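1. one predicted model, sequence on top.
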Amino acid sequence: MRALAQSLVPRGLLCALCALGALAATFDPMVTIPPELRSAVVKVAVNSTPCSVTCGLGLKVEELCEITLGGERRNCSLQRSLCLSTWICGLQHVSVPAGRPLHLNCFVESTLAFWNQTYGYTWRWAPGLITTNDLLFEPLQNPLPTLSLAPASEADAGTYRCDMQVIETFRLVKRIYFGLKVIPRNLVDLSFKKSWSWKQKLFGSLMEWSAGNGSREGKEHFWENEGSLGVLLGMGSGLLGGVVVSLVLCCCPRLWRR
């Protein structure tokens, strides 16, 4: 933070120097700039990368250069600094089957490792609702940046809100909502493979076989898979039927000629 503060203060000094130069050139030729200001060198950010995140605390890389009174750049260097585009991160939808553990994270480790700041976290909960209306939330006793539900139950469904603040200044730097939906196990089967088409099943089986590097165990697993066997039998039957139909069509004209 010191480097960032030092880069902000010389900017005002540079503006003052430019204003004095403009006054000296346009209004009164007798106005002179003090020698200590003529030799002053300030270091300002002349270029910067976008913030690494779209909301909350992020990082950016700035190019700092010394600017002389004549506008010359020298001794440029790169420096990382914190950035904050907006502290509101909106609503993130989360779905989990009942009985599975769930962890909701409210921080970015790479950002927390930067600078010597400490952060506080406040969690609130709107049970049974997916909402961003702050009047409907009630406090949760969890001062940690991560909220763990192990395991998640249907009673845990609702919206969780996390506020991240800088303890030294009480500045709010992030607010995110997690809309949690807990799906009962007997309501829906989340097995994606059961909804595959025969082409997807064949491709998946071939991928599993190739993942086994053609080993004996991989081949046995491939042939033990009922879906793979059914798909291959279907393809073989279709190919055999096509050959038979082609032979019949080729032989029929010859029989008719006789």
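-> Perfect, I can see it now. Residues are numbered from 1 along each chain as shown.
2. which neighbouring elements make contact with the helix or strand encompassing residue 139?
-> For residue 139, the host element (DSSP states H and E) is strand 138-140. Counting contacts by 3 or more Cβ pairs under 8 Å, 6 or more residues apart in numbering; DSSP states H and E, strand 138-140 packs against strand 119-127. (C-beta placed from N, C-alpha, C; glycine too.)
3. list the buried residues in the strand it packs on.
-> 119, 121-126 (16 or more other Cβ atoms under 10 Å).
4. re the thing from before, could you pull up the mean pLDDT of the helix or strand just after the strand holding residue 139?
-> Using DSSP H and E, the next helix or strand after strand 138-140 towards the C-terminus is strand 146-149. The average pLDDT within strand 146-149 is 92.
5. and strand 146-149, what does it pack against?
-> Strand 146-149 packs on strand 102-105, going by 3+ Cβ pairs under 8 Å, 6+ apart.
6. now for the strand it packs on, which elements pack on it?
-> For strand 102-105, the packing partners by 3+ Cβ pairs under 8 Å, 6+ apart are strand 88-97, strand 146-149, strand 171-183.
7. dump those strands into JSON lines; add distance to residue 53 and mean neighbour count as well.
-> Shown next, in JSON lines, are those (distance: least, Cβ to Cβ, whole Å; neighbours: other Cβ atoms under 10 Å):
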{"stretch": "strand 88-97", "distance to residue 53": "9", "mean neighbour count": "14"}
{"stretch": "strand 146-149", "distance to residue 53": "18", "mean neighbour count": "15"}
{"stretch": "strand 171-183", "distance to residue 53": "9", "mean neighbour count": "18"}
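8. which non-adjacent residue is nearest residue 90?
-> In space, and not counting its chain neighbours, residue 90 is closest to residue 177: 6.8 Å by Cβ to Cβ, 6 or more residues apart in numbering.
9. same question but for residue 94, I mixed them up
-> Leaving aside its chain neighbours, residue 94 sits nearest to residue 180 (5.0 Å; criterion: Cβ to Cβ, 6+ apart).
10. surely that neighbour is in contact with residue 157?
-> Yes. Counting by Cβ atoms under 8 Å, residue 180 touches residue 157, with 5.6 Å between them.
11. if we can go back for a sec, report the separation between the residue nearest to residue 90 and residue 158.
-> In this view, residue 177 and residue 158 are 10 Å apart by Cβ to Cβ, to the nearest Å.
12. cool, and residue 169?
-> 31 Å.
13. hey, what's the closest residue to residue 88 other than its chain neighbours bridged with?
-> Once flanking residues are discounted, residue 88 sits nearest to residue 175: 5.6 Å by Cβ to Cβ, 6+ apart. Counting by DSSP bridges, residue 175 is bridged to residue 88, residue 163.
14. residue 175 contacts residue 162, doesn't it?
-> Yes. With contact defined as Cβ under 8 Å, residue 175 reaches residue 162; the gap is 7.1 Å.
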